[in-house]
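> Here's my sequence, what's the structure:
(one chain, ligands or ions: 2)
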Amino acid sequence: MSRSDVIQQTLPWQKVLSQAIASPAELLQQLQLPQSLLADANISSELFALRVPEPFLRRIRPGDPNDPLLLQVLPLQAEQQKISGYVTDPLQEADANHRDGLIHKYNGRVLLILTGACAINCRYCFRRHFPYQDNRLGPEQWQSVLDYIEADQGISEVIFSGGDPLAVPDSRLRKMIADLEQIPHLRRLRIHTRLPVMIPQRVTPELLDILQNSRLKTVMVLHSNHANEIDDEVREAIRLLRRADVQMLNQAVLLRGINNSVAVLKTLSESLFDAGVLPYYLFVFDPVEGAAHFDISDADAQRLMSQLQGELPGYLVPKLAREIPGRNAKTLLPVDSQPL
Ligand SMILES: *Cc1c(COP(=O)(O)O)cnc(C)c1O
Ligand code: SF4
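Ligands and ions are numbered 1, 2, ... in the order given. This next block holds a predicted model:
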């Protein structure tokens, strides 16, 4: 069996996506977790649905309620607490929503919300309360987005975001990218996605063909928070993307109980690089309602990064950043070096 068969012999990605686990009872049963977690998992999944695709489920250690992958998806009692300072729109994105589906905050790049759908529902997601239903990119809205980009020569990069933009079928992506290629001042297409990590078979021959043959330079920013997320299938998907000339980066979120240790962050950077991906951002947590239990203080985050910096080559240290509404770029948190 060749390495590419590792991915190709499995189900089509749409099937895997539609069969993702949505029931807390099923999740607990499959992972041999205590029934005592069920009542709260049911209540919290009413606030934000549970969704775990099978390839991700396979990487969770059965019987371990503290598994770092499980904690990203399991609805907990803590989500039901309202804590002041934790809000439903921490990034105040509503203000930069110039067209339905388009967010233009930073010079030179616009972010498009292609869909509200994701392959997984991450409990800490800062978009867990986002009004996706008001941001449908139908044919009319798409034309309006194209007009907006066309009219601003300063825009050189389009970012496909979501939700997860790779939840959109290849045929539609092909059409959208072809439309964008007609705008002469666009140079780059960036895709912010968790799908190649969650469902590696999403990296279809057609997607590779679209990206490889685009006039636009393509960048893919994956989202992986822990090295256990990166298995052989994910590595193979990344290898195919790189072979299609896609620049591969990763962004992660610093999360209590999941990756707030030097050892875990170091292993993440090294595993990403082994797979062909450079770390880009490590975001401190956004204060979103229902996820305060993941929060880590800035001082602790900076101390961790300072230690991490002492362990890794500079290119494997992600930038510690946060998004502050009303600023013209992400805000970097200072990280000091330590005396020898
Ligand atoms: C984060 C973000 C970007 C991308 O910022 P980079 O620093 O270039 O990665 C662009 N637009 C919006 C609205 C964003 O939130
Ligand atoms: S994949 Fe991204 S957008 Fe979707 S739930 Fe997770 S963090 Fe949120």
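> Please make it C-alpha for all contacts and neighbour counts, starting now.
Fine.
> Could you check how far Leu173 is from Glu206?
10 Å (C-alpha to C-alpha, to the nearest Å).
> quick one: which of the two has more around it?
Neighbour comparison, Leu173 and Glu206: the larger count goes to Leu173, with 19 against 13 (by other C-alpha atoms under 10 Å).
> Let's check: the centremost residue of the chain is which one?
In the chain, the C-alpha nearest the mean C-alpha coordinate belongs to His223, at 3.8 Å (C-alpha atoms, centre = their mean).
> Next up, the contacts around it.
Taking C-alpha atoms under 8 Å, 6 or more residues apart in numbering as the criterion, His223 is in contact with 192-194, 197, 250-252.
> do the same with Leu166
193, 195, 202.
> Can you add neighbour count and give those back as CSV?
What follows is these, written out as CSV (neighbours: other C-alpha atoms under 10 Å):
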residue, neighbour count
Thr193, 25
Leu195, 24
Arg202, 23
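> Need those residues in a markdown table (columns: distance to ligand 2, secondary structure and pLDDT).
Below are those laid out as a markdown table (distance: C-alpha to the nearest ligand atom, whole Å; DSSP: H, G, I helix; E, B strand; the rest coil; pLDDT from 0 to 100):
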| residue | distance to ligand 2 | secondary structure | pLDDT |
| --- | --- | --- | --- |
| Thr193 | 7 | strand | 98 |
| Leu195 | 8 | helix | 98 |
| Arg202 | 14 | helix | 98 |
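> Spell out which parts of the stretch 1-150 of the chain neighbour ligand 1.
Proximity of the stretch 1-150 of the chain to ligand 1, by C-alpha under 6 Å from any ligand atom, involves residues 103-106, 109-111.
> Run through the strands of the chain in chain order.
Counting by DSSP state E, the chain has strands at residues 102-106, 109-113, 157-161, 188-193, 217-223, 247-253, 278-283, 319-322, 331-332.
> Give me the neighbour count for Lys175.
Count around Lys175 with other C-alpha under 10 Å applied: 12.
> quick one on the thing from earlier: can you flag the buried ones in the residues of the stretch 1-150 of the chain next to ligand 1?
103-105, 109-111 (16 or more other C-alpha atoms under 10 Å).
> Let's have these in TSV, adding pLDDT.
Converted to TSV, these look like this (pLDDT from 0 to 100):
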residue	pLDDT
Ile103	92
His104	95
Lys105	94
Arg109	97
Val110	97
Leu111	96
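> which pair in the residues you listed spans the largest distance?
Ile103 and Arg109 (9.2 Å; C-alpha to C-alpha).
> pLDDT at the closest residue to ligand 1 within the stretch 151-300 of the chain, what is it?
With C-alpha to the nearest ligand atom as the measure, Ile159 is the residue of the stretch 151-300 of the chain nearest to ligand 1, at 7.0 Å. We have a pLDDT of 98 for Ile159.
> ok, back up a step: can you tell me which of the buried ones among the residues of the stretch 1-150 of the chain next to ligand 1 is closest to ligand 2?
For these, the nearest to ligand 2 is Leu111 (13.2 Å; C-alpha to the nearest ligand atom).
> which residue sits closest to the closest one, ignoring its sequence neighbours?
Ile159 (4.6 Å; C-alpha to C-alpha, 6 or more residues apart in numbering).
> Check Ala178 too.
In space, Ala178 is closest to Ser214, 8.0 Å off (C-alpha to C-alpha, 6+ apart).
> residues contacting that neighbour?
177-178, 181.
> what does Pro12 give?
Taking C-alpha under 8 Å, 6+ apart, one finds 201-202 in contact with Pro12.
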